[in-house]
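Novice: below: sequence and its predicted model.
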Amino acid sequence: MGVLSGASNAQPIGCASTAGTYASDGTHSWQPSCLGVFLSNDSYGLRIHPTRGTDGKPPAEPRSNTYAMGLVQARMNGDDPRDQNGLFVNMDIVGGRAINNFLPGSTGVLTSVRQRPGPNGEPPGSGWATNNDIHIAPNSGATLSFGTEIDVNNFNRSCKPGACIASHIFLNGTNAYPGTALLLAGGGTNNYVFNGTVTTTSDTVTRRSGPNFDDRISMITIASKMYRVSFVNANVLKADKPLPAHSAPVPYSASANSVYKGIYINGYNQVQEDDILLSSSAYTGINFFGGKQRIGINTANSEITYSMLMSQGQKLCTNGTSGCISANAGAEASGITLDGGVKPQPFTSVAGLPSCTKTNLGVIGWLYAGDASEPGPGAQVRKGRSIVSRPIGCDGNEWKFFY
């Protein structure tokens, strides 16, 4: 590691903060060669070429516009068995008589950033209180990579809500106006883009030119329309609905996704009561808006006993609020109320009825067919030559008319 020099912009003697070379993996990331602690004594700061990547192409000098008043530049050696850190804050917080209602507070690292207009009202630039960025280089293998790790080690007491607070993240602020969101994901730079030509038949997309397909593709754009697809092999994708037929190759584009899971809570012993607890006064608890999801809520792959619990007076609605299901109210009430009534499954022929077995016991429908017989003794549904329009049900053995 270098030592600080006495220059105006203090840096390790004999080299500059920008010394280094491009990585050879094609990502334009930077490998610094001058290691140490750098401090700036002027208002411009030290120029930095970030290891995450630079704006420029080899062999030209990176067009980095990143400056800082202080810089720790280090290289972690995989042959060294020690845990290595660029910067470490070690702090001990002790109770005492000055503590009143949990104050004063103590912070390991506190960043205070203010945005304000210029002298003539010009808007300030974009601001981040903290920006973490980890660059995983090609061919790094099965890594463990985390943008941020936050550990809370509680050896004090059980902190159920109301008893005490032990939270990995606390989101708060003093606002004169509402902000956009407590958590905001997305909106970053483009991921790897696939371009080429394809042909389509029914629900199959076949590659004709361009890079091989792989499992990073979940959406594809053909003729300015986007479709959901699943990966089959390097030349074939399957769509979740019929596609317009293209027998001649047409251009397509697709983009790799950033992650597989948006929020992933894992481990049988991580959460005791609620994976997600919503107790705010927001108008909507969970809102699907403008997305292209295939399934809203999927409980099919878990051991959940009840997919949803509702109390009396609450409704489960379809088609806006015009068709709702609710539990009948009252101390001895049972059953449900269906706003707008029930529309049974229509069947247009006796020959097209599904088998009536114990598996289908209780299934009801409406038969509107021209190959039926009028109801007779026993009310069995039989083939014939009459036009019949009546409700039917499966008794576990055969289909029967209700009347």
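Specialist: On my side now, so go ahead.
Novice: per-domain residue ranges of this protein.
Specialist: Domain assignment of the chain by automatic domain parsing yields the ranges 9-73, 193-255, 345-401.
Novice: the first one - what's its average pLDDT?
Specialist: It stands for domain 9-73. The pLDDT scores in domain 9-73 average 83.
Novice: what sits against the residue nearest to the spatial centre of the chain?
Specialist: A centroid search over the chain (Cα atoms, centre = their mean) returns residue 262, at 2.0 Å, as the residue closest to the centre. With contacts defined as Cβ atoms under 8 Å, 6 or more residues apart in numbering, the neighbours of residue 262 are residue 185. The way it works is simple: take the backbone N, C-alpha and C, and place the C-beta from them, glycine included.
Novice: now swap in residue 186 and tell me
Specialist: residue 258.
Novice: for it, helix, strand, or coil?
Specialist: Residue 186 carries the three-state label coil when classified by DSSP: H, G, I helix; E, B strand; the rest coil.
Novice: returning to what we had before: out of the domains of the chain, which gets nearest to residue 133?
Specialist: Comparing these against residue 133 with Cβ to Cβ, the closest turns out to be domain 9-73 (4.7 Å).
Novice: so where's the chain uncertain?
Specialist: For the chain, the stretches with pLDDT under 70 are 1-13, 54-56, 187-191, 331-332.
Novice: circling back to that earlier point, now the domains of the chain as a markdown table including distance to residue 140?
Specialist: Output for the domains of the chain, formatted as a markdown table (distance: least, Cβ to Cβ, whole Å):
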| stretch | distance to residue 140 |
| --- | --- |
| domain 9-73 | 9 |
| domain 193-255 | 17 |
| domain 345-401 | 52 |
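Novice: out of those domains, which is closest to residue 118?
Specialist: If you check each of those against residue 118 by Cβ to Cβ, domain 9-73 wins as the nearest, at 15.7 Å.
Novice: ok now the closest one, how far from the chain's centre?
Specialist: Using Cα atoms, centre = their mean, to the nearest Å, the distance from the centre of domain 9-73 to the centre of the chain it belongs to is 33 Å.
Novice: again, but for stretch 249-261
Specialist: 16 Å.
Novice: what do you get for stretch 359-366?
Specialist: Distance, stretch centre to chain centre, for stretch 359-366: 39 Å (Cα atoms, centre = their mean).
Novice: how about the strands in the stretch 1-150 of the chain?
Specialist: Listed from the start of the chain, the stretch 1-150 of the chain has strands (DSSP state E, counting those that start in this stretch) covering 9-10, 20-22, 30-32, 36-40, 46-48, 66-68, 70-73.
Novice: check which residues of the second one are buried.
Specialist: By neighbour count, and taking 16 or more other Cβ atoms under 10 Å as the criterion, the buried residues in strand 20-22 are 20, 22.
Novice: partners of that strand, with directions?
Specialist: As defined by DSSP bridges, the strand partners of strand 20-22 come to strand 30-32 (antiparallel).
Novice: and the partner strand, what's buried?
Specialist: So, applying 16+ other Cβ under 10 Å, buried residues of strand 30-32: 30, 32.
Novice: any idea what the closest residue to residue 321 other than its chain neighbours is bridged to?
Specialist: Ranked by Cβ to Cβ, 6 or more residues apart in numbering and with sequence neighbours excluded, the top spatial neighbour of residue 321 is residue 315, at 7.7 Å. Per DSSP bridges, residues listed as beta-bridge partners of residue 315: residue 326.
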